[in-house]
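[1] Fold the following.
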Amino acid sequence: KGDTDIDAHSYNNYLLHLRRMNRRQNGIATAAAVLREYARFRHINTDEWPVPRRQFVPTRYLRQNEIEAIRNAILNGEHPWRNIFIFDFLLGTGMRVDELLKLKWSDLDLEPVENGKHFERNGDARATCIIAMAKGNKSRTIPLTATAAEAAWRYARYVFGNKITARKLRLKRERVLDLTTRAAINYILSAAAAEAGLASLGVHPHMLRHTFAVYMVMKGCMTEHELQLYLGHSSIQTTERYMQFSSTETGGRVAGARLF
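    Below you'll find the predicted structure:
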C-alpha cells in the first residue's frame with residue numbers, strides 16, 4: 001500500500017491470507033521475512049511478530065565429493081569429452097535435459113571466455129546462452145557460470161579444433177550434441193554414477209538441476225526471484241523449495257561462479 005506502514009495486525013492478516021491461498025510453508029516464511037525486513041527498514045519494532053517456521057523439504061542434490069567421483073568416472077569411460085560436457089553443463093546451468101538436447105552452437109556466446117575476460121568482476125564480460133523454445137515455448141538468455149562456460153569452450157575446441165573462434169561458433173546452426181533422447185543422457189549419468197560406486201543415489205539429469213539451484217542459493221549468487229527467472233520456473237512456488245539452503249551471506253555473482 002505505497003508508503004503506508006505495516007503493523008502486527010496487517011502482518012498477521014497477510015500471513016493468514018497466504019495460508020488460505022494454500023501457499024507452501026516455506027513461501028509463507030519467505031514472505032514473512034521480507035515483511036519483517038521492510039518493517040525494520042521503516043523503524044518498526046517486529047520483536048513480537050510471529051516468525052513462521054520453514055519446513056524442511058528433502059531435495060536430493062550432489063555433494064562435492066560425489067561430483068568429483070562421477071566426473072572421474074566419466075573421464076575414464078567412453079566418449080569422455082562429450083559426456084563430461086553434458087555433466088558439467090547441466091550442473092553449471094541447471095538446464096532441463098530437453099533444453100540441452102535442443103541447444104545449438106549458435107545459442108552460445110563464448111567470446112568473453114575465449115578472450116579470458118569471463119572472470120572480470122565488473123560483470124561487463126560474461127558468456128551467455130540462449131535457451132530457445134524452453135518449457136512453455138518461452139525463450140530466455142542466461143549468464144553462464146564458470147563451470148558451464150569452461151565446459152562449453154572445451155567441448156567446442158574438441159569438436160572443431162583449437163582454431164575455432166567464438167564468432168565462428170555463433171554461425172554454426174547444428175545442435176551441440178549428437179544425442180537425441182533423454183534416455184541416452186539418463187544412461188550416461190546413471191552408468192557413471194554406478195562406476196563411481198554411487199548407484200544408490202539414483203543420479204539423473206534433474207538431480208543436476210537441483211544441485212545447481214542448491215549451490216546458487218548456498219553461495220548467495222541469486223535471490224529467489226532471480227533463481228526463478230534463471231531456471232524458467234513458471235511459479236515461484238517451484239523455486240521456494242531451494243530457499244531452505246539459503247545463506248546469510250549474499251552478493252555473489254552468477255557469471256564466474258564455480259560449482260566444484
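[2] Thr30 and Met243 touch, don't they?
    Yes: contact criterion CB atoms under 8 Å: Thr30 and Met243 qualify, at 5.8 Å. From N, CA and C alone the C-beta is placed, and that goes for glycine too.
[3] Quickly list what's touching both of these two.
    Common neighbours of Thr30 and Met243, using CB atoms under 8 Å, 6 or more residues apart in numbering, are Glu224.
[4] any idea of the mean pLDDT in stretch 29-38?
    Averaging pLDDT along stretch 29-38 gives 85.
[5] What residues sit buried inside stretch 78-98?
    82-97 (16 or more other CB atoms under 10 Å).
[6] whoops, stretch 9-22 was the one
    For stretch 9-22, by 16+ other CB under 10 Å, it's Tyr11, Leu15, Leu18.
[7] Out of these, which is nearest to Ser106?
    Leu18 (43.3 Å; CB to CB).
[8] what's the helix or strand for the closest one?
    helix 8-20 (DSSP states H and E).
[9] Which helix or strand lies directly C-terminal to that helix?
    helix 25-41.
[10] So which elements touch that following helix?
    Contacting helix 25-41 under the criterion 3 or more CB pairs under 8 Å, 6 or more residues apart in numbering; DSSP states H and E are the following elements: helix 8-20, helix 236-240.
[11] which sections of the stretch 1-150 of the chain are below the confidence cut-off?
    Applying pLDDT under 70 to the stretch 1-150 of the chain flags the ranges 1-5, 55-58, 117-125, 133-137.
[12] Go again with 50.
    Within the stretch 1-150 of the chain, the stretches with pLDDT under 50 are 1-2, 121-123.
[13] What segments of it are helices?
    8-20, 25-41, 64-75, 80-93, 97-102, 111-114, 146-160 (DSSP state H, counting those that start in this stretch).
[14] Pipe the ones you listed into JSON lines and attach distance to Val214 per row.
    JSON lines is the format used below for the helices of the stretch 1-150 of the chain (distance: least, CB to CB, whole Å):
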{"stretch": "helix 8-20", "distance to Val214": "24"}
{"stretch": "helix 25-41", "distance to Val214": "14"}
{"stretch": "helix 64-75", "distance to Val214": "12"}
{"stretch": "helix 80-93", "distance to Val214": "11"}
{"stretch": "helix 97-102", "distance to Val214": "18"}
{"stretch": "helix 111-114", "distance to Val214": "25"}
{"stretch": "helix 146-160", "distance to Val214": "14"}
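[15] I'd like to know which of the ones you listed is closest to Ile130.
    Using CB to CB, the helices of the stretch 1-150 of the chain put helix 97-102 closest to Ile130, at 10.3 Å.
[16] now what about the closest one, what contacts it?
    By CB under 8 Å, 6+ apart, helix 97-102 touches 86, 89-90, 131-135, 175-177, 179-182, 185-186, 205-206.
[17] Inside strands: which ones of those residues?
    Taking DSSP state E as the definition of strands, the contacts of helix 97-102 contribute Ile131.
[18] among the helices and strands packed on helix 25-41, which is nearest Phe41?
    Judging those by CB to CB, what sits closest to Phe41 is helix 8-20, at 14.1 Å.
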